[in-house]
Structures are given as C-alpha cells and as structure tokens.
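Enquirer: Have a look; sequence and predicted model below, questions after that.
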Amino acid sequence: MFNGDRLLVEQLRRYHDRYAFESALETGTHKAETTRGLARLFPKVWTVEVDINYFLQSRAALARCPHVTLRLGNSPDAIRSLLPEFRYPLFAFLDAHWYEYWPLRDELSLLLAVKRPKLIMIHDFQVPGREFGFDNYFGRPNSLDFIGDLLPHNECRYAFNHRTAPGSANRGVLFIEHLLD
C-alpha cells in the first residue's frame with residue numbers, strides 16, 4: 001500500500017480514526033496493491049484504471065473484495081459518473097498518471113466542486129524542502145504551482161508528509177482536508 005510506505009498508512013489510519021470515512025476512491029489502480037489495503041480500511045471502495053492490462057490483472061486480484069468496485073476508463077469520466085454514489089466523508093487517493101493525459105487537475109476540480117467532507121491525498125507530489133520523489137509531466141512538476149489555483153483555501157487545510165518509511169519508494173504526498181472539522 002502506498003508503495004510500501006507504512007508511515008503513510010499510519011497517517012491515513014489517524015485521519016480515518018478522526019473522520020470515520022464512509023468510502024474511498026482511488027484513481028490509478030495499477031496492480032491493486034493499494035486498493036487491497038483500502039479495502040481493509042473502508043466499507044466501500046471505488047477504483048479506476050485506464051490501462052486494460054492493469055484493469056484485468058486488478059479485477060482478478062480484487063475478486064474476493066465484493067465491496068470494491070473497479071472501473072475501466074478515464075478517471076475524470078469515472079468520477080463524474082460516480083459522484084452520486086460516493087458516501088461522505090470520502091477519502092480520495094489520486095494516483096492516476098503515466099500517460100499523455102494527466103488527469104489530476106480535472107479530478108481535483110470534480111471532487112472539490114462537491115461541497116461535502118473529504119480527504120484528498122495526492123501521491124507523487126513535490127514536498128517543499130524535502131528530497132522525496134515526485135512526478136513531472138512534460139517538464140511540469142506535480143506541485144502546488146500546478147494545482148494551487150484550484151484549491152479553495154477558505155474550505156481546506158493542507159499538509160505534506162514529512163518522512164517516508166525506510167525501504168519505501170520515498171514519494172511525496174499532499175493531503176487536502178476539504179470541509180472536514
């Protein structure tokens with residue numbers, strides 16, 4: 001889960017203990033490692049994968065998780081269709097990337113437009129002052145400069161991870177608490 005970063009798992013558990021999330025959304029299922037972890041924490045999980053091969057592999061891996069719904073397709077389109085089904089407070093893990101279309105801004109816009117409590121966790125994010133890994137797309141870093149104009153500062157609190165677990169992928173994360181107490 002979270003590329004082997006047990007500290008991120010512990011941080012998510014603390015958020016979950018505090019807010020009692022009703023459901024979770026994941027974009028970028030990949031091989032369903034994080035999805036299986038989310039399935040152990042949340043009563044309902046939706047996950048979206050755009051790559052047919054990863055989708056098929058994940059479908060087999062999630063066959064024994066009846067409370068997980070796996071969708072094939074573009075994550076913003078899937079989010080748009082799933083919005084009426086989400087249960088709040090919602091945990092959203094945004095990790096869809098690697099192809100020419102980088103959906104992060106569209107995913108965020110859709111999620112933040114719904115004025116219901118949620119925690120959004122953006123993976124592979126540039127953490128100021130830390131040497132954590134983060135993604136770049138066509139020379140543009142996954143950073144506050146890329147998404148800052150979308151964030152409703154009067155509705156949100158923000159936090160970064162400050163450490164990563166030894167042996168993990170050493171990736172940066174941004175947490176956005178949207179309309180949470």
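Expert: Received it, and whenever you're ready, just let me know what you need.
Enquirer: hmm, who's touching the helix or strand where residue 46 lies?
Expert: According to DSSP states H and E, residue 46 maps onto strand 45-49. Residues outside strand 45-49 that contact it (C-beta atoms under 8 Å, 6 or more residues apart in numbering) are 23-30, 32, 35, 38-39, 55, 58, 62, 65, 67-73, 75, 78-79, 82, 85-86, 96. (Each C-beta comes from the backbone N, C-alpha and C, glycine too.)
Enquirer: how about a cut-off of 7 Å?
Expert: 23-29, 35, 38-39, 55, 58, 67-73, 75, 78, 82, 96 (C-beta atoms under 7 Å, 6 or more residues apart in numbering).
Enquirer: Output the contacting helices and strands for the following helix or strand past it.
Expert: Later in the chain than strand 45-49, the nearest helix or strand by DSSP H and E is helix 52-61. When contacts are defined as 3 or more C-beta pairs under 7 Å, 6 or more residues apart in numbering; DSSP states H and E, helix 52-61 sits against strand 68-72.
Enquirer: which of the residues in the following helix or strand past the strand it packs on are buried?
Expert: Later in the chain than strand 68-72, the nearest helix or strand by DSSP H and E is helix 75-82. For helix 75-82, the neighbour count (16 or more other C-beta atoms under 10 Å) marks 75-76, 78-79, 82 as buried.
Enquirer: Pull the distance from helix 75-82 to the chain's centre.
Expert: 14 Å (C-alpha atoms, centre = their mean, to the nearest Å).
Enquirer: Packing partners of it?
Expert: Here helix 75-82 is seen to pack against strand 45-49, helix 104-113 when contacts are counted using 3+ C-beta pairs under 7 Å, 6+ apart.
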